[in-house]
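Participant: Show me how the following folds:
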Amino acid sequence: MSSGDERRVGRPVDPAKREAIIAAAVASFFELGYAGSTIEGIAARAGVSKVTIYNHFGDKRALLAAAVTREAERMRAHFEIDAGSTASLPERLRAIGTAMVAFLSRPEMVQFERRIAAETEQDPAIGMAFLEHGPRRMKAAFAQLLARANDAGELAIPDADLAAEQFASLCKGMGDLERRFGAPPDPARDARRIDSAVEVFLRAYRR
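Facilitator: As a prediction, this is how the structure comes out:
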């Protein structure tokens, strides 16, 4: 059997090693960008061999997808509303908007998005991988929450995907663009923008 066949059959995936690799990849991509990160460097951070990374993920592009998916899952947790929660709909939306803006405002995330955008000029597939495993996953999770609110009679939303985009855009406003170009954080402005986003959104979609 060839070495390639051995990799395809492989041994059972070690969850601890897989998590260590993904954590190392996230740190490397945030710090160095995609082009500046290497399998060798990520393996050293994770305390594993290059072969282990190849056996788990195949290549650096798949590792990027796993890293971005992990970050998206962290954000996705904020879209899960406890069925027993007594929080009002405005409170839930405000909490989601606040978590989303805080997540996207992290310096390492701003830096990572800049680098991904620059590297996409050379390799458009990198940008598509980022969109597919990051922002689009987060939008899908939020759209599911809005669809449930629609089914429960709290909202009247004909297109949950579009409504999710609208709410995110209202919450980010110019703040997202300003951060990308080096403007200092303005938490008070962010809070006012989110409060207004909730108000406008509910005027448009509340039953």
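
Participant: Need the three-state assignment for Ile157.
Facilitator: Put simply, Ile157 is coil when judged by DSSP: H, G, I helix; E, B strand; the rest coil.

Participant: and it, what does it touch?
Facilitator: For Ile157, the contact set (C-beta atoms under 8 Å, 6 or more residues apart in numbering) comprises 146-147, 149-150, 163, 205. In short, each C-beta sits where N, CA and C put it, glycine included.

Participant: Pick out whichever of these sits closest to Ala117.
Facilitator: Closest approach to Ala117 among those (C-beta to C-beta): Ala163, at 26.2 Å.

Participant: so that closest one sits right up against Tyr205, yeah?
Facilitator: Yes: here Ala163 reaches Tyr205: they are 6.3 Å apart, a contact under C-beta atoms under 8 Å.

Participant: Find residues that contact each of these two.
Facilitator: The overlap between the contact sets of Ala163 and Tyr205 (C-beta under 8 Å, 6+ apart) consists of 155, 157.

Participant: what about the helices in the protein?
Facilitator: 3-9, 15-36, 39-46, 50-57, 60-76, 89-105, 107-122, 124-133, 135-151, 160-172, 175-180, 187-205 (DSSP state H).

Participant: Surely Ala129 and Ala66 touch.
Facilitator: No: with contact defined as C-beta under 8 Å, Ala129 does not reach Ala66; the gap is 10.3 Å.

Participant: Comparing these two, which residue is more hemmed in?
Facilitator: Ala129 (20 against 16; other C-beta atoms under 10 Å).

Participant: Distance-wise, check the nearest residue to the more buried one once chain neighbours are set aside relative to Gly47.
Facilitator: Sequence neighbours aside, Ala65 is the residue nearest to Ala129 in space, at 5.3 Å (criterion: C-beta to C-beta, 6 or more residues apart in numbering). For Ala65, the distance to Gly47 (C-beta to C-beta, to the nearest Å) stands at 22 Å.

Participant: Neighbour count for the two, which is higher?
Facilitator: Between Ala65 and Gly47, counted using other C-beta under 10 Å, Ala65 has the larger neighbour count: 17 against 11.

Participant: Check what pLDDT the residue nearest to Val200 when sequence neighbours are not counted gets.
Facilitator: Of all residues not flanking Val200 in the chain, Leu170 sits nearest, at 6.0 Å (C-beta to C-beta, 6+ apart). Note on Leu170: pLDDT of 96.

Participant: What is the end-to-end distance of stretch 73-90?
Facilitator: One end of stretch 73-90 to the other measures 23 Å (C-alpha to C-alpha, to the nearest Å).

Participant: Equivalent analysis for stretch 69-88, please.
Facilitator: OK, stretch 69-88 end separation, C-alpha to C-alpha: 30 Å.

Participant: wait, what's in contact with Val68?
Facilitator: The neighbours of Val68, taking C-beta under 8 Å, 6+ apart as the test, are 129-130, 133-134.

Participant: one more time with 10 Å
Facilitator: By C-beta atoms under 10 Å, 6 or more residues apart in numbering, the contact set of Val68 is 25-26, 29, 112, 116, 129-135, 137.
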